[in-house]
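A.B. asks: got a sequence here, can you model it:
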Amino acid sequence: MPIIEIKNIFKVYGTFCALNDVSLNMSAGECLGLLGPNGAGKSTLINLIYGISIPSKGEVKVFGLSPVTNYRKVRSQIGVVPQQNALDQNINVERNLLMFAQLAGIYKDEQKHRVDELLAFMSLSHKKSELIQNLSGGMQRRLTFVRALLNKPRLLILDEPTTGLDPAVRQLLWAKVEELKALGTSILITTHYMDEAEQLCDRIIIMDQGKIMETGSPKELIRRQTPGFLAIYKNLPASIIAFISRIIPEKYPEYSFASHQNFSYLIGQNLEQLVNVASELDLPEPNLMRPANLEDVFLKLTGRQIGQNA
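C.D. replies: Now for the predicted structure:
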């Protein structure tokens, strides 16, 4: 049985359709990534999965249950790392976590052991007597992970888990997510970092304007949508962009060309041939040439940068 089953979901607020006929499944033990510009419908979808919101139409099941009518049973098996840490700054680490352990319904004689176990897992044992307000941003984020894991969740929801963190803390949290995956925890993640999605996710769903645009593993998405190499140009004149946009489909149908904001992209499957085509078109020297990656897939499907508003 899938961990999550969503069938033909619509979510409408007045005249605004936040989710438009969305269907997806998530398998047990899978790390599934939700990517999309701001306003794509990711947060709305997470709220439906957690039972905070009710669909206008369609069906949502988590662990085979409705998260609305069986919200206690469903939520007891989910851990959430929200975008904001929301920790009580005026009490110490251990007291904070013992309070949340009690709220999570953990038996009193098990609470301290569970807190100590997770502090060790996140390399925070030496900070358990420290006030939250004295911890660095990275430590507070790790503590939010500890809080989400107190109830030994079957499903862990990570909502932009490493935004604003330095590379060392990001790498540490990635390693912990990999450890949780190896233990069989199912993980649903939203992120604005393409390298994070490529590193952690078994499968990715790209959303835009309330719809699913594409789904697959990172390698599958790159192979299907933007195979090969890119020549990237900054601030090409509008006349050149118009000319290239017209001539590529006519003369070089196996190549593609796109412009977003100040950047233009010429895409081809072979690096040497890409250089030759750029020369034939009398394009200036590119600012960068590289293999295609997941961000290129995102730009192609949505026409927007990852953090851009809808």
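
A.B. asks: could you use CA atoms for every contact and neighbour count after this?
C.D. replies: Will do.

A.B. asks: list the contacts of the closest residue to residue 104 other than its chain neighbours.
C.D. replies: Excluding the flanking residues, the one nearest residue 104 by Cα to Cα, 6 or more residues apart in numbering is residue 151, at 6.2 Å. Under the criterion of Cα atoms under 8 Å, 6 or more residues apart in numbering, the neighbours of residue 151 are 76, 77, 78, 79, 101, 104, 105, 106.

A.B. asks: can we see that at 10 Å?
C.D. replies: 75, 76, 77, 78, 79, 100, 101, 103, 104, 105, 106, 114 (Cα atoms under 10 Å, 6 or more residues apart in numbering).

A.B. asks: would you map the helices across the stretch 1-150 of the chain?
C.D. replies: Under the criterion DSSP state H, counting those that start in this stretch, the stretch 1-150 of the chain contains helices at 42-50, 71-75, 93-103, 108-121, 137-149.

A.B. asks: would CSV of those helices with mean neighbour count and mean pLDDT be doable?
C.D. replies: Output for these, formatted as CSV (neighbours: other Cα atoms under 10 Å; pLDDT from 0 to 100):
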stretch, mean neighbour count, mean pLDDT
helix 42-50, 20, 95
helix 71-75, 17, 94
helix 93-103, 19, 93
helix 108-121, 16, 95
helix 137-149, 22, 94
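
A.B. asks: nearest to residue 163, of the contacts of residue 151?
C.D. replies: For the contacts of residue 151, the residue nearest residue 163 by Cα to Cα is residue 79; the value is 18.5 Å.

A.B. asks: which residues does the closest one form a beta bridge with?
C.D. replies: residue 156 (DSSP bridges).

A.B. asks: likewise residue 206?
C.D. replies: With DSSP bridges as the rule, residue 206 is bridged to residue 35, residue 214.

A.B. asks: save the helices of the stretch 1-150 of the chain as CSV, and put in distance to residue 234 too.
C.D. replies: Shown next, in CSV, are the helices of the stretch 1-150 of the chain (distance: least, Cα to Cα, whole Å):
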stretch, distance to residue 234
helix 42-50, 31
helix 71-75, 48
helix 93-103, 48
helix 108-121, 45
helix 137-149, 35
